[in-house]
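Enquirer: have a look; sequence and predicted model below, questions after that.
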Amino acid sequence: MSLQLGIGETNVCKRLKQLHLKNACARCVPRNSAKSKTSMQRNKKKLSSNILCLLNSEDEMSKIQWDSMPVDVQEWLTITFTSQQEAHKAEDAASVRTVAYAVQTGVFVERKFHTATSPVGLAYPLEVTEALKEVDKWGFDVFALNEVSQGHSLKYLMCELLSKYNLLSQFKIPIACLISFTSALEAGYNKYQNTYHNSVHATDVTQTVHTILLHTGIMHWFTDLEILAFIFGTSIHDYDHPGTTNHFHVATRSETAILYNDKSVLENHHVSAVYHLMQSDEMNILVNLTAEEWRELRHLVIEMILATDMTQHFHHMNCMKRILQNEQQVKRIHKDKVMAMIVHAADISHPAKPWHLHQKWSEAVMEEFFNQGDKEAALGLPISSLCDRKTINIAESQIGFLDIIIKPFFVLLLELIEEIVAPLIKEASKSKCASSSKQQRTIIYGMEHSEEFTGTNSLYSVHNVTKAMELLSALDISRFKEHLLMFIQENKEKWKEIQEKNSEGMQK
Ligand SMILES: Nc1nc2c(ncn2[C@@H]2O[C@H](COP(=O)(O)O)[C@@H](O)[C@H]2O)c(=O)[nH]1
Ligand SMILES: [Mg+2]
Ligand SMILES: [Zn+2]
């Protein structure tokens with residue numbers, strides 16, 4: 001029976017009952033403690049009602065067979081993607097929805113690009129140059145780049161993008177600092193030998209943000225400083241990740257959890273640790289920013305990284321829904337919030353990538369979860385949801401992740417981006433006439449619309465802004481969206497096949 005989330009009371013009760021019957025603990029509390037068990041049950045009740053209250057009846061998700069999902073997957077979703085504060089926000093949603101968003105029209109930012117594939121002072125190995133030719137593609141193989149760069153994918157990608165967006169010269173980033181900084185960054189990422197949260201994941205998220213900016217045209221809405229915030233922010237977003245979750249930190253009362261009062265523990269740590277790193281002169285890549293630029297960049301970076309805390313997921317969803325439902329002609333959309341949503345999307349984007357990439361990332365993330373489960377078992381703590389290698393059905397849990405988290409998020413995000421980019425296109429075509437006489441050398445990223453969204457090697461050198469506007473108006477976000485949804489669907493089918501094979505094997 002399908003559960004109409006948020007409205008089917010009987011089913012809600014059923015769901016709560018299911019959770020109460022289950023012995024696995026929602027919070028890591030010492031085993032066999034009667035007091036803890038009661039509070040655990042209270043927590044579960046709270047968490048499950050949180051998620052139900054966050055998903056309203058108009059949601060995509062209401063169509064999903066929540067009941068058909070295994071209880072441990074439901075439990076993981078409620079624990080990982082909701083917070084107690086979130087429930088209150090959701091309760092307020094109705095009144096917030098009526099608050100009109102103020103004006104924010106699109107302003108076309110003419111993006112200038114450098115044709116250089118390697119910034120001054122950094123010679124790329126031939127294979128790296130070859131691999132980077134694919135950097136505009138949604139299906140870019142980050143593992144291949146990492147291989148040919150001998151584990152330095154993050155360093156090369158950062159240099160490549162900072163150079164292509166012309167940010168090295170714009171913000172006078174000293175190359176020597178950039179090299180030291182990227183090396184330290186990679187070392188921090190790889191310190192714990194995590195299977196998932198390592199420098200390749202940082203490269204992947206950074207490259208993915210770049211492709212979202214490029215293929216939707218939203219890059220023209222952002223200033224150079226904001227693009228710098230994207231590249232810098234995504235590159236550092238999981239720095240010094242220990243391979244265990246926030247939940248684990250809080251449960252084990254780690255130093256970091258104590259330092260950040262149990263709130264977005266890891267996310268706070270990633271930002272703070274990198275800013276500490278940059279206190280040293282040789283790492284200070286932001287040395288030449290003005291005080292104002294430095295402050296603004298820091299604000300954007302903090303916003304976007306704290307927003308990668310998965311408990312913010314439904315908050316992002318509700319924010320996007322509110323903007324989209326608002327019928328005002330002109331809406332005010334907070335740019336920093338949109339930036340955070342784009343980064344969050346990139347952070348969980350691998351299920352929307354070709355199967356060979358999604359499969360590798362899934363194995364990596366599951367292995368990291370299982371390693372945490374092993375640690376929890378060794379510490380005598382209850383094993384967190386999805387972390388028990390002996391019991392978890394990976395295919396089943398991935399289907400839940402794709403259906404409940406990934407697909408609805410990408411659908412909303414791309415709708416929102418479409419709304420933002422539409423006035424830019426209008427603006428671009430309006431000013432087309434005004435500026436057609438303005439001859440200036442602009443090198444702009446674009447894409448051949450005849451190609452699939454696998455991207456093209458797409459540096460366009462144009463001599464006036466007219467060409468830039470043509471490229472912008474040639475964008476087809478709907479097709480980009482279809483392309484992503486197709487991958488999600490294909491990946492879901494693959495998991496279903498695996499699930500069927502598994503159950504056949506079990507029967508035999
Ligand atoms: N069940 C799955 N969870 C996944 C998968 N890939 C990512 N994730 C979750 O998302 C966060 C991403 O945030 P990050 O900043 O930590 O990278 C990650 O921690 C997981 O909780 C997946 O394939 N399946
Ligand atoms: Mg993170
Ligand atoms: Zn991440």
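Expert: Noted; the coordinates are in hand. Ligands and ions are numbered 1, 2, ... in the order given.
Enquirer: please identify the helix or strand for the closest residue in space to residue 359 that isn't next to it in sequence.
Expert: Of all residues not flanking residue 359 in the chain, residue 494 sits nearest, at 7.6 Å (Cβ to Cβ, 6 or more residues apart in numbering). For the C-beta atoms, the positions are set from N, CA and C on the backbone; glycine is no exception. Using DSSP states H and E, residue 494 sits in helix 477-507.
Enquirer: do residue 180 as well
Expert: helix 175-190.
Enquirer: need the contact list for the nearest residue to residue 335 once chain neighbours are set aside.
Expert: Leaving aside its chain neighbours, residue 335 sits nearest to residue 226 (6.9 Å; criterion: Cβ to Cβ, 6+ apart). Residues near residue 226 by Cβ atoms under 8 Å, 6 or more residues apart in numbering: 300, 335, 339.
Enquirer: which strands or helices does the helix holding residue 494 pack on?
Expert: Secondary-structure packing of helix 477-507 (3 or more Cβ pairs under 8 Å, 6 or more residues apart in numbering; DSSP states H and E): helix 199-216, helix 355-378, helix 394-400, helix 407-435.
Enquirer: run through who's touching the shortest one.
Expert: Among residues not part of helix 394-400, those counted as contacts by Cβ under 8 Å, 6+ apart are 69-70, 72-74, 76-77, 351, 362, 366, 386, 491-492, 495-496, 498-499, 502.
Enquirer: isn't residue 354 right next to residue 487, touching?
Expert: Yes - with contact defined as Cβ atoms under 8 Å, residue 354 reaches residue 487; the gap is 6.2 Å.
Enquirer: neighbour count winner among those two?
Expert: Higher neighbour count among residue 354 and residue 487: residue 487, with 22 against 16, using other Cβ atoms under 10 Å.
Enquirer: for residue 476, see how far away that one is.
Expert: Here the criterion is Cβ to Cβ, to the nearest Å. By it, residue 487 lies 17 Å from residue 476.
Enquirer: same question, residue 213
Expert: From residue 213 across to residue 476, the span is 16 Å (Cβ to Cβ).
Enquirer: neighbour count for those two, which is higher?
Expert: residue 213 (24 against 15).
Enquirer: how close does that one get to ligand 3?
Expert: Per Cβ to the ion, to the nearest Å, residue 213 is found 18 Å from ligand 3.
Enquirer: contacting residues for that residue?
Expert: Residue 213 neighbours (Cβ under 8 Å, 6+ apart): 219, 222, 227, 230, 342.
Enquirer: keep only those that also lie close to ligand 2.
Expert: Among the contacts of residue 213, not one lies near ligand 2 by Cβ under 5 Å from the ion.
Enquirer: return the residues in contact with residue 236.
Expert: When contacts are counted by Cβ under 8 Å, 6+ apart, residue 236 is found next to 185, 202, 270, 271, 274, 301, 305.
Enquirer: could you dump those to a markdown table with pLDDT and neighbour count?
Expert: Conversion of the contacts of residue 236 to a markdown table gives the following (pLDDT from 0 to 100; neighbours: other Cβ atoms under 10 Å):
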| residue | pLDDT | neighbour count |
| --- | --- | --- |
| 185 | 98 | 22 |
| 202 | 99 | 27 |
| 270 | 99 | 25 |
| 271 | 99 | 21 |
| 274 | 99 | 23 |
| 301 | 98 | 24 |
| 305 | 98 | 27 |
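Enquirer: with respect to residue 159, which of these is nearest?
Expert: Within the contacts of residue 236, the smallest distance to residue 159 is 12.0 Å, found for residue 185 (Cβ to Cβ).
Enquirer: looks like residue 296 contacts residue 225 (just checking).
Expert: Yes - using Cβ under 8 Å, residue 296 is in contact with residue 225, at 6.1 Å.
Enquirer: show me what from the stretch 401-508 of the chain comes close to ligand 1.
Expert: residue 401 (Cβ under 6 Å from any ligand atom).
Enquirer: try the chain
Expert: 80, 238, 308, 310, 347, 348, 362, 365, 386, 397, 398, 401.
Enquirer: for stretch 306-321, buried residues please.
Expert: For stretch 306-321, a neighbour-count test (16 or more other Cβ atoms under 10 Å) marks 306-321 as buried.
Enquirer: and that stretch with ligand 3, contact?
Expert: No - Stretch 306-321 lies out of reach of ligand 3 by Cβ under 5 Å from the ion, never closer than 6.0 Å.
Enquirer: distance from that stretch to the middle of the chain?
Expert: From the chain centre to the centre of stretch 306-321 is a distance of 10 Å (Cα atoms, centre = their mean, to the nearest Å).
Enquirer: also stretch 249-259?
Expert: 24 Å.
Enquirer: so for it, mean pLDDT?
Expert: For stretch 249-259, mean pLDDT rounds to 98.
Enquirer: flag every buried residue along that stretch.
Expert: Within stretch 249-259, the residues scored as buried using 16+ other Cβ under 10 Å are 249, 250, 251, 254, 256, 257.
Enquirer: now swap in stretch 153-173 and tell me
Expert: Residues of stretch 153-173 classed as buried by neighbour count (16+ other Cβ under 10 Å): 153-168, 171, 173.
Enquirer: residue 150: neighbour count?
Expert: Per other Cβ under 10 Å, the neighbour tally for residue 150 reads 10.
Enquirer: any idea how far it lies from residue 131?
Expert: 12 Å.
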